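fold the stuff below for me.
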Amino acid sequence: MQVTSSATNGPEQVWLHIGAGSFHRAHQAVYLHHLMETGDLSWSLALANIRDDMTPMLDTLERQGGAYTLETVTPGGVRNYEVIRSIKTIVPWDAALMELTAVGARATTKVISFTVTEGGYYLDHRHRLDTGNPDLAADLQGELNTIYGAMTAILRARAAANGGPLTLLNCDNLRHNGERFHDGLLQFLALRGETALQQWVVAHTSSPNSMVDRITPRPTDEVRDRVAHACGEPDPCAIMAESFIQWVIEDDFTAGRPALEKVGVEMVESVLPYEEAKIRILNATHSCIAWAGTLVGLTYIDQGCARADIRKMAFDYVTQDVIPCLTPSPLNLENYRDTVLERFGNPNIQDSNQRVAADGFSKIPGFILPTLQECIARGVVPHATLVLPALFFLFLQRWARDELPYAYQDGVFDPASTRAMLHADDPLRAYCADTALWGTLAGSAQLELPLREAVIRVQDWLAQQN
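From the prediction side, this is the model:
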């Protein structure tokens, strides 16, 4: 276990977070706030973004001294309100990321965490960098579009300033997230020819794996209205989340860390069983309900979870295929499944299908493919799991016909090649041949034949809805 900082005074240590979306402010920032409430004021948060899309929110948050209101709601509809005050520094965005680089290079900055979504790591099915991605390709030439380009600028400045060791903490839903980011960063530096900086990273940084969990919908006017009514004053930065929260981190902080275990963070030797359960049972099931709900005209996740047919798709996927793959486990997987479905069924969250249905081209290989591969390796046809990629295939067909009720958002897919795939002589065969989606199963009869059957089953189900 690394040394933690628990003194109530003395030099303040900085935890810099990159990614100013709602999830960080409903999750990591909340834990740091609760630690401060215990009297431990030795750590504070600095918040930054590597793109300018969050600048209006950050400007508003700056005017509020970094404080904002968090609304949480239980499955039973009980709402609570809390002002979160852990963010002490707002790092203004600039195109050269000069301010972000300066904060990251300081010796007082001991941890840099980040949330850039699953697609923000640009990894192919072999977990290698997808150098054909335009943003990544541009960063390899010196631009600052991705976490790799931004982190390279920060670490180069830190090494030059003798800023000392640093923990790089991935907080996205990516399997082996710390390892994958670390490997991707080293590969990025190698491709840039930055051998000295690559060696510095190996010697002076750690990248522990972590698992994060809290349903956090995009903020709406309704949330801000409720906060204004409940708290007596408006807060344009108000956010909401479910009452459930979990954070599991491998205890490998190379420059010290806050005493997070005092406020409910699970510091463990290995996060693997926790992340597998979360990614396969929660994340994949979430996508299943979003895709199915969209196809039958629903708007919110809880609406899909309230339908016996959609809930059964999710339940069968976990029960028939995932639990056998993950057994034995230190978790009670049946209880975890039931808790997840209860959380998804919370009608007070109003988590949109649009938000959860996004990034399918990362979620298929990241959340769903491992269960397919393991079932097939055991000689089992994963009928229940195949329903999920069947739903996504039909979802994509709706997208190609401009029949989705919302704009589909995906950080890694290529719209032109996806349309070409869906207009092939045999679109499903072309879908099954995509190595970015299916890895070693791409083009195999073991995938294509049962997936055809799954698509037919889902089409029959959809026909019965009319």
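
so where's the protein shaky on pLDDT?
Of all residues in the chain, those with pLDDT under 70 make up the ranges 1-11, 466.

now do the strands in the stretch 1-150 of the chain.
Secondary structure of the stretch 1-150 of the chain by DSSP state E, counting those that start in this stretch: the strands cover 4-5, 13-18, 43-48, 68-73, 79-84, 87-90, 109-114.

how about a markdown table for these, with mean neighbour count added?
Yep, even glycine has a C-beta here, placed from its N, CA and C like the rest. Converted to a markdown table, the strands of the stretch 1-150 of the chain look like this (neighbours: other C-beta atoms under 10 Å):
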| stretch | mean neighbour count |
| --- | --- |
| strand 4-5 | 18 |
| strand 13-18 | 22 |
| strand 43-48 | 24 |
| strand 68-73 | 22 |
| strand 79-84 | 15 |
| strand 87-90 | 21 |
| strand 109-114 | 22 |
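
those strands: which one's closest to Asn332?
When the strands of the stretch 1-150 of the chain are compared for distance to Asn332 using C-beta to C-beta, the nearest one is strand 68-73, at 24.6 Å.

give me the sheet partners of that closest one and which way each runs.
Sheet neighbours of strand 68-73, with direction, are listed as strand 79-84 (antiparallel), strand 239-242 (parallel) (DSSP bridges).

picking up where we left off before, Throw the strands of the stretch 1-150 of the chain into a markdown table and include distance to Arg280, thanks.
Supplementary listing: the strands of the stretch 1-150 of the chain in a markdown table, determined by distance: least, C-beta to C-beta, whole Å:
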| stretch | distance to Arg280 |
| --- | --- |
| strand 4-5 | 31 |
| strand 13-18 | 27 |
| strand 43-48 | 31 |
| strand 68-73 | 26 |
| strand 79-84 | 30 |
| strand 87-90 | 33 |
| strand 109-114 | 23 |
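
Ala26: which of these is closest?
Nearest to Ala26, of the strands of the stretch 1-150 of the chain and by C-beta to C-beta, is strand 68-73 at 6.1 Å.

isn't Ile349 right up against Arg218?
No. Shown here, Ile349 and Arg218 do not form a contact pair, counting by C-beta atoms under 8 Å, at 11.3 Å.

those two: who's more crowded?
Summary of the neighbour comparison: Ile349 and Arg218, criterion other C-beta atoms under 10 Å, with Ile349 having more neighbours (22 against 14).

who are the contact partners of the residue nearest to Ile147 when sequence neighbours are not counted?
By the measure of C-beta to C-beta, 6 or more residues apart in numbering, the closest residue to Ile147 outside its immediate chain neighbours is Val116, 5.0 Å from it. Applying C-beta atoms under 8 Å, 6 or more residues apart in numbering, one finds that Val116 lies in contact with 18-19, 50, 146-147, 172.

please convert the strands paired with strand 68-73 to TSV, extending it with distance to Asp251.
Shown next, in TSV, are these (distance: least, C-beta to C-beta, whole Å):
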stretch	distance to Asp251
strand 79-84	25
strand 239-242	25
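
nearest to Arg307, of those?
strand 239-242 (20.0 Å).

can you name the next helix or strand after that closest one?
Following the chain from strand 239-242 toward its C-terminal end, the next helix or strand by DSSP states H and E is strand 246-250.

how big is the angle separating that next one from strand 109-114?
For strand 246-250 against strand 109-114, the angle between stretch directions is 120 degrees (axes from the mean of the first three to the mean of the last three C-alpha atoms, to 10 degrees).

now do the buried residues in strand 246-250.
For strand 246-250, a neighbour-count test (16 or more other C-beta atoms under 10 Å) marks 247-250 as buried.

and those residues, which is closest to Tyr274?
Minimum separation from Tyr274 among the buried residues of strand 246-250 (C-beta to C-beta) is found for Val248, which lies at 4.6 Å.

my guess is that closest one contacts Leu272. True?
No. When contacts are counted by C-beta under 8 Å, Val248 is not listed as touching Leu272 (10.0 Å).

tell me the domain boundaries of this protein?
Using automatic domain parsing, the domain ranges for the chain come out as 4-268, 272-463.

and Glu71, what does it touch?
Glu71 touches 79-81, 223, 226-227, 230, 238-241, counting by C-beta under 8 Å, 6+ apart.

in the stretch 251-400 of the chain, which spans are helices?
When assigned using DSSP state H, counting those that start in this stretch, the helices of the stretch 251-400 of the chain occupy the ranges 272-277, 284-295, 301-305, 308-316, 323-326, 333-344, 353-357, 360-363, 369-377, 383-400.

in contact with the residue nearest to Ile249 when sequence neighbours are not counted, which residues?
With C-beta to C-beta, 6+ apart as the criterion, Ile249 has its nearest non-adjacent residue at 4.4 Å, and that residue is Ser210. Contacts of Ser210 were listed using C-beta under 8 Å, 6+ apart, and they are 169-171, 177-178, 247-250, 271.

run a quick neighbour tally on the nearest residue to Pro217 once chain neighbours are set aside.
With C-beta to C-beta, 6+ apart as the criterion, Pro217 has its nearest non-adjacent residue at 4.4 Å, and that residue is Asp351. By the other C-beta under 10 Å criterion, the neighbourhood of Asp351 contains 23 residues.

against Gln64, how distant is Arg419?
Using C-beta to C-beta, to the nearest Å, one obtains 44 Å as the distance from Arg419 to Gln64.

ok, the two, which is more surrounded?
When Arg419 is set against Gln64 and neighbours are counted by other C-beta under 10 Å, the residue ahead is Gln64, at 16 against 12.
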